[in-house]
Structure formats: C-alpha cells, structure tokens
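>>> Pasting a predicted model and its sequence here:
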Amino acid sequence: MSLSSLSRLRAVPMSFTEFVALMAATMAIYALAIDAMLPALPAIGRGFLVTNDNQLQWVVTLYVAGGGLGQLFYGPLSDRLGRRPVLLFGLFLYVGLSLLAAFATSLSMLLGLRVTQGLAASVASVLPRSIVRDRHAGAQMAKVMSITFIVFLIVPVLAPTVGQALLLILPWQGIFGFLAVFACVVALWIALRLPETMHPDHRRPLSAGHMLAATGKVLREPTSIFYTLATTAMMGSLMAYISTLPQIFSVYFQRPTLMPLIFALCAGTMALSAFFNVRFVERVGMRGVSHRALIAFVLISALHSAVAYSGYETLVTFTLLQALTMGCFGLAGSNFNAIAMHHMAAIAGSAASVQGFITMIGGALLGSLIGHQWSGTVTFLPAGSCVCGVIALGLVAIAEKGHLFRKEKTLSVPIA
C-alpha cells in the first residue's frame, strides 16, 4: 500500500460501527489471553510436572492481577500524552511479552511472564473505556459500552475452542504466538484508523499529585467508588468461575472436551443479555436494568448453591444455572462501569485506571480465595458467587442511599 493510499485511508472518517468494532477488538486482546489459555492449563501442568492443579489457577489470576496493576500507569500516561500513542506502545509491549512467554522453561518463569503480560495487556482494558468516555456520556455511553460488550463477548464464546484447536496441531506455546499475531493486527488497525480522541483541554500533567488528586476524586465520589467496589465483588465470582472451570470439567464431570462448548454457552448468555441492555437501557435506565440483574444474580446463585450442596448437581443443571448467572452478570457489568465513570469526564484516563486497578486486583484476590476452596465438588463456586452478589448489592444500596431502580437523566454528547 502506497503512502498516498495510507493518507487517504486515514482521512476517511471512522464510522460508528467501525469505532465500536475497533474498541471491542482492542478489549478482546486482554480477554483472549485468559480464555484461550483455559484448554492449555492441563498441558501446561503436564509439561512442568505440576502435582497440585490449584497452582495452575495462577496462570489466570496472576495475569489479571498484573492487568490491574498496569492500569495505574496507562491512565495517567494517556491523560498526559493522549490515548493513541499510549495504546500503541502497550500493545507492542504485549506482543513482545507474549512471544517471551512461549519460551518459558518452568511454571515459575511462566507465571512471572504472565504478570508482566497482564501489565502490558491492561492498556487494552483501561484505554478503550477512556476513549469511549471521550466520545460519549451518560446513557449513550452505556449504550456504546453495551454494543462493545456484545462484540467483545464473542471472545469467550470462541477463544477456548480456538485454543483447543491450536492444541491439536501445536504445543501450548503456540497459543502465545497466536496472541501476539492478533495484537499486531489490532495495533495496525489503530495506527491506520483511530485518531486521537482526547480533548486538548483535558490533558493533565504527569505527576504524583495529579494521580493522587484523581484517586481522591474516585474514592470520594459515591457512585464512583461504591459501583467500582460492586463491580469488584462480581468480578471475583467471574474470576473464580474462569480459573476453576478446567478442574471442574476434568475432575468433577470428567468431561474435559466439553469445557469449551459449555464455556461458550455461558458466554453466549452474557452476549444476549448485553444485546437486551442496548435495547432497554435508554428506556429503563442504567440503574433500573443493572439493579434488577444484580438481584437476579444473587437469587440464581443461591438456588445453584442449594442444588450443588444437595448432591443433585449434573452437567445440565450446572450449565443452565451458570448460564443464567452469567447473563445477569452481563446486564449489570457494563452499566456499573458506565455509572462509575459518569462524573469522571475531565479525568477519564486516570479515573478508569484507578477504578480498573481496584476491580482487577480485588477481583483477582477474591477469585483466588474462592477458587482455592475447590476440593472436588462444585458447591464452592455458586456459593462464592452468591456471597459476592450480596456484597455488591449492599454496596449499590449505599451508593443509592437505599433508592434502587431510579432512572437517571439522559445525558450524551455526539460522536466525534
């Protein structure tokens, strides 16, 4: 492609559809390194002679923890330097670390690289939210996030199957090569098509004082901190589910080959719920949708806990109840993020970093705590989700001063 062709391509305005697709693809980079790895965990365990399967959970949870820590850096950098250059830097760093992980010679080395890979990948988690916030606000932001969430959820539907397919022709190291190639494609798309979205007046100095001020605003503003903590609680349940699924299907159900299919079905309900969220959020409101979904999340998790504890858990009941739980998670998740960011327009990058740090680190710790309760039965998983849901509901009630389901005023800005 000639330089003149590249110039003409950059000059064509980005459509709404392309913008949503690009944000979803960017966010998918972070999730892909989690979901595509799930089928490879048993192979990694065999390759490194791991005797305790619970140790393999760290391949997922340490990556997420690194992702949470990395968000503290990328948000402030993007508030100073702009979204586009920081996003490209983080993606190319991720590519290099993915390739290094393919050459790990021990589990400890792999885990160390997974932390740093998560640090790099966090740019694909925090900056899309900042970019969306640069261009939208209020219910319109929630709508864009929901559409992005639908496309983004194709990843957990397909990624485990892709990972398992790669394992048919390649060792587990090949998955890291695939991750590097995918990130390169998205980085090229960004370089060619995404303009800078940050308003020049919103640039902030890169200083500890600015970060402390942004952290203070996130922690002091009630909807920001309480909805962030509620998201953290729910993220803990999701991390426990993802990190223990290979053990549940290998040991409890003894059907490891069915794991990608069941994982895809559950992720599909999340995508379906996000689709309905797009349709109803502007009419019912972010709070109306998410509060009802959170209550349903608690009730379904409690029912699942009772079924599992009674000894009547089957593959069918697990799939059905877990899919319903994930559907509720999908309805609540994107709305909680939008509500938490609502008052953070002037410091969107730093605010998304602080909120993301709390959510990812806290979610990884909670997920690890729940996941390490695994002892050969399934009860720990829905019971942990139920507890997380109750905690989230309490935090939301505090944020809303007990007034749930109220509809917020519509507030939006046009797409640039």
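Yep, it's here. Owing to the predicted nature of the structure, the values given are computational and were not obtained by experimental measurement. Numbering: from 1, shown residues only.

>>> Do a quick rundown of the helices in the stretch 301-416 of the chain.
315-341, 348-371, 380-399 (DSSP state H, counting those that start in this stretch).

>>> Tell me which of these lies nearest to V50.
Smallest distance to V50 across those (CB to CB): 15.3 Å, for helix 348-371. C-beta here means a position set from N, CA and C on the backbone, and glycine is covered the same way.

>>> and the closest one, average pLDDT?
Per-residue pLDDT over helix 348-371 has a mean of 84.

>>> What helices and strands are in contact with that helix?
In terms of contacts (3 or more CB pairs under 8 Å, 6 or more residues apart in numbering; DSSP states H and E), helix 348-371 is packed against helix 58-81, helix 123-135, helix 208-220, helix 222-247, helix 315-341, helix 380-399.

>>> Could you give the separation of it from the chain centroid?
Computed by CA atoms, centre = their mean, to the nearest Å, the chain-centroid distance of helix 348-371 equals 10 Å.

>>> Kindly report the same for stretch 161-176.
Distance of stretch 161-176 from its chain centroid, counting by CA atoms, centre = their mean, is 22 Å.

>>> Provide the contact partners of that stretch at residue level.
35-40, 43-44, 47, 98-99, 101-103, 177-178, 257, 260-261, 264 (CB atoms under 8 Å, 6 or more residues apart in numbering).

>>> Just the buried ones out of those, please.
The neighbour count (16 or more other CB atoms under 10 Å) marks 35-40, 44, 47, 98, 101-102, 178, 260, 264 as buried among the contacts of stretch 161-176.

>>> Of those residues, which belong to helices?
Counting by DSSP state H, the buried ones among the contacts of stretch 161-176 place D35, I44, G47, S98, A101, F178, P260, A264 in helices.

>>> got TSV for those residues, with pLDDT and distance to G333 too?
Shown next, in TSV, are these (pLDDT from 0 to 100; distance: CB to CB, whole Å):
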residue	pLDDT	distance to G333
D35	85	16
I44	92	29
G47	88	34
S98	94	26
A101	94	28
F178	94	26
P260	85	22
A264	82	18
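
>>> out of these, which one sits closest to M198?
S98 (27.4 Å).

>>> thinking that closest one is in contact with C184, fair?
No: counting by CB atoms under 8 Å, S98 sits too far from C184 to count as a contact (9.8 Å).

>>> Between the two, which contacts overlap?
By CB under 8 Å, 6+ apart, no residue touches both S98 and C184.

>>> What separation do you get for A352 and T231?
12 Å (CB to CB, to the nearest Å).

>>> Let me fix that, I meant to ask about A180.
Per CB to CB, A180 is found 29 Å from T231.

>>> Between the two, tell me which one has more neighbours.
Comparing A180 with T231 by other CB atoms under 10 Å, the one with more neighbours is T231, at 27 against 18.

>>> Okay, the more buried one and L245: tell me how far apart.
Remark: distance between T231 and L245 (CB to CB) = 21 Å.
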